[in-house]
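Colleague: Predicted model follows, preceded by the sequence.
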Amino acid sequence: MPVYEFECEKCNNTFTLVMSVKEYEKKDFRCPKCKTVKVKQVVTPFQTITSKKS
């Protein structure tokens, strides 16, 4: 499942949510610290390992 990182605009708490794409599309995100819905998604780098096939 994808991992999404968010930042609360009210208390500046940064938190991570693991959810399916279907759950993500509902846009029902809450800060676990202050319970507000005023959160924004943080763009984070990621790394992937692939196999090179000849």
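Modeller: Thanks, I have the structure now. Given the structure is predicted, the values throughout are model-derived calculations rather than measurements.

Colleague: same for the helix or strand hosting Glu23, what does it pack against?
Modeller: Counting by DSSP states H and E, the element that carries Glu23 is helix 21-25. Using 3 or more C-beta pairs under 8 Å, 6 or more residues apart in numbering; DSSP states H and E, no helix or strand is in contact with helix 21-25. For every residue, glycine as well, the C-beta is placed using N, CA and C.

Colleague: In PDB, list the C-alpha atoms belonging to that helix.
Modeller: Provided in PDB are the C-alpha atoms of helix 21-25 (Å, rounded to 0.1, in the frame of the first residue of the first chain):
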ATOM      1  CA  VAL A  21      -5.500   4.500  -3.400                       C
ATOM      2  CA  LYS A  22      -9.300   4.200  -2.900                       C
ATOM      3  CA  GLU A  23      -9.000   5.500   0.600                       C
ATOM      4  CA  TYR A  24      -6.700   8.300  -0.600                       C
ATOM      5  CA  GLU A  25      -9.300   9.400  -3.200                       C
END
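
Colleague: Give me the residues contacting it.
Modeller: By C-beta atoms under 8 Å, 6 or more residues apart in numbering, the surrounding residues in contact with helix 21-25 are 2, 4.

Colleague: Show the subsequent helix or strand relative to that helix.
Modeller: Next element after helix 21-25 (DSSP H and E): strand 39-42.

Colleague: Packing partners of that following strand?
Modeller: Applying 3+ C-beta pairs under 8 Å, 6+ apart, one finds that strand 39-42 makes contact with strand 3-8.

Colleague: Relative to the strand it packs on, what are the paired strands and their orientations?
Modeller: Strand pairing for strand 3-8, using DSSP bridges, gives strand 14-18 (antiparallel), strand 39-42 (antiparallel).

Colleague: Same list (those) but as a markdown table, adding distance to Val3, mean pLDDT and mean neighbour count.
Modeller: Below are these laid out as a markdown table (distance: least, C-beta to C-beta, whole Å; pLDDT from 0 to 100; neighbours: other C-beta atoms under 10 Å):
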| stretch | distance to Val3 | mean pLDDT | mean neighbour count |
| --- | --- | --- | --- |
| strand 14-18 | 5 | 94 | 13 |
| strand 39-42 | 11 | 95 | 13 |
